[in-house]
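Trainee: show me how the following folds:
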Amino acid sequence: MQQAESMRTRALGEFNVNPIGLGCMNLSHAYGTPPDEQAAEELLLAAFDSGVNLFDTAALYGFGANETLVGRVLKPHRKDIVLTSKCGMQGVNGVRVIDGRAATIKKTCEDALRRLQADVIDVYYLHRLDKNVPIEDSVGALADLVREGKIRSIGLSEMSAPTLRRACAVHPIVAMQTEYSLWTRNAEIAVLAACRELGVAFVAFSPVGRGFLAGGIQSMDALAHLVEKDIRRGMPRFYPEHFEQNLAFLTAFQELARSWGYAPAQLALAWLLHQGEHIIPIPGTTQIPHLLENLAAADLSLSTMDWAQIEAVVHAHPIVGTRYNEATQREIDTEN
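Mentor: Predicted coordinates for the structure are as follows:
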């Protein structure tokens with residue numbers, strides 16, 4: 001057995017954060033019916049009380065409602081947390097719009113500061129690349145916000161290694177936020193290594209496969225009963241023709257985790273932490289027991305043979321289906 005991966009903090013630009021942060025999106029939308037305001041508040045405070053100091057939100061989440069929630073609940077603890085949000089993709093008249101123009105970025109930041117009840121945002125991400133706007137222009141607008149003291153540092157989300165390099169030529173980039181997990185590994189093509197080379201933190205969203213690796217959907221019947229607005233309904237890996245085959249991987253992975261005495265989500269998060277010191281997972285949850293279970297992943301100790309067994313399960317049960325549908329895939333800039 002080897003020492004636990006992550007009792008140390010990890011670097012996010014100028015900040016030191018605990019190895020596992022909190023993605024706040026599903027407190028307002030995306031996966032089923034979000035919790036009521038009291039339950040969401042209790043979850044955020046439980047995370048803070050449990051040592052989480054990295055909280056991630058965005059203008060898009062709940063079309064501003066998530067920033068409002070996070071800002072209200074965590075305002076008393078602002079000096080003790082690293083607060084991150086995103087611009088460049090937001091709701092306009094109830095529709096999701098990608099807009100990386102300078103004026104839009106600056107207006108979105110002003111709105112975010114108001115909703116977050118904050119004077120400054122610690123890391124402000126460009127949520128998506130606007131393919132009609134050069135990355136240099138969008139990052140230039142974010143650099144203006146740094147100089148104005150409205151944000152402390154700049155991050156990117158769902159972008160490729162070449163785009164990251166172009167952005168870094170304009171202003172230092174401290175973080176790349178992209179999906180990464182045992183069932184989504186396209187970051188390993190190029191951007192993960194580019195982040196390591198450039199000293200950029202890699203913030204992994206959906207680190208338990210949009211709940212799949214945690215066993216959130218374990219049957220075709222459960223899949224059929226996802227609420228209409230659950231975003232997984234539009235993701236090919238959750239299409240019935242793919243999902244049944246993906247369940248074979250889940251079953252094998254669950255059996256392995258439980259044979260070692262771990263919850264599957266814990267093993268998935270421990271695997272991520274093992275992939276590099278620059279990786280910071282930000283799982284989301286609406287349940288305090290799941291939150292505490294996730295955070296305990298930082299203490300898992302596994303041997304080299306254990307890691308090899310996890311990879312063997314992955315290779316024996318290949319994941320079927322792309323992570324986004326064709327329309328959404330065209331919107332992002334990541335390596336496939």
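
Trainee: what about the helices in the stretch 151-300 of the chain?
Mentor: 161-168, 191-198, 220-224, 240-259, 264-274, 288-295 (DSSP state H, counting those that start in this stretch).

Trainee: count the residues that sit near the nearest residue to Ile121 once chain neighbours are set aside.
Mentor: Of all residues not flanking Ile121 in the chain, Ile151 sits nearest, at 4.7 Å (C-beta to C-beta, 6 or more residues apart in numbering). For the C-beta atoms, the positions are set from N, CA and C on the backbone; glycine is no exception. Look at Ile151: counted by other C-beta atoms under 10 Å, it has 25 neighbours.

Trainee: in the stretch 51-200 of the chain, which spans are strands?
Mentor: 54-56, 82-87, 89-92, 95-98, 121-126, 151-157, 173-179 (DSSP state E, counting those that start in this stretch).

Trainee: closest to Ala252 out of the ones you listed?
Mentor: Among the strands of the stretch 51-200 of the chain, the nearest to Ala252 by C-beta to C-beta is strand 173-179 (21.6 Å).

Trainee: walk me through which strands that closest one pairs with, and which way each runs.
Mentor: strand 151-157 (parallel), strand 201-205 (parallel) (DSSP bridges).

Trainee: so what angle separates the directions of that strand and strand 121-126?
Mentor: Using axes from the mean of the first three to the mean of the last three C-alpha atoms, to 10 degrees, one finds that strand 173-179 and strand 121-126 are set 60 degrees apart in direction.

Trainee: list the contacts for the spatially most central residue of the chain?
Mentor: Against the mean C-alpha coordinate of the chain, by C-alpha atoms, centre = their mean, the closest residue is Phe205 at 1.9 Å. Contact analysis of Phe205 by C-beta atoms under 8 Å, 6 or more residues apart in numbering lists Gly23, Asp56, Gln177, Thr178, Glu179, Tyr180, Ile282.

Trainee: re the thing from before, nearest to Asn336, of the strands of the stretch 51-200 of the chain?
Mentor: That would be strand 173-179 among those, by C-beta to C-beta, at 12.4 Å.

Trainee: which positions are bridged to the residue nearest to the centre of the chain in the beta structure?
Mentor: Glu179.

Trainee: quick one on the thing from earlier: pLDDT, neighbour count and distance to Pro76 added to the contacts of Phe205, as TSV?
Mentor: Below are these laid out as TSV (pLDDT from 0 to 100; neighbours: other C-beta atoms under 10 Å; distance: C-beta to C-beta, whole Å):
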residue	pLDDT	neighbour count	distance to Pro76
Gly23	98	24	21
Asp56	98	27	19
Gln177	98	26	26
Thr178	98	25	32
Glu179	98	21	32
Tyr180	98	24	32
Ile282	98	23	22
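
Trainee: dump these into JSON lines; add distance to Gly88 as well.
Mentor: Below are these laid out as JSON lines (distance: C-beta to C-beta, whole Å):
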{"residue": "Gly23", "distance to Gly88": "18"}
{"residue": "Asp56", "distance to Gly88": "15"}
{"residue": "Gln177", "distance to Gly88": "12"}
{"residue": "Thr178", "distance to Gly88": "15"}
{"residue": "Glu179", "distance to Gly88": "17"}
{"residue": "Tyr180", "distance to Gly88": "20"}
{"residue": "Ile282", "distance to Gly88": "18"}
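
Trainee: any chance of CSV for the strands of the stretch 51-200 of the chain, columns distance to Thr9?
Mentor: Output for the strands of the stretch 51-200 of the chain, formatted as CSV (distance: least, C-beta to C-beta, whole Å):
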stretch, distance to Thr9
strand 54-56, 10
strand 82-87, 11
strand 89-92, 29
strand 95-98, 33
strand 121-126, 15
strand 151-157, 17
strand 173-179, 15
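
Trainee: can you check which of the ones you listed gets nearest to Gly234?
Mentor: strand 95-98 (12.1 Å).

Trainee: show me what the closest one is packed against.
Mentor: In terms of contacts (3 or more C-beta pairs under 8 Å, 6 or more residues apart in numbering; DSSP states H and E), strand 95-98 is packed against strand 89-92.
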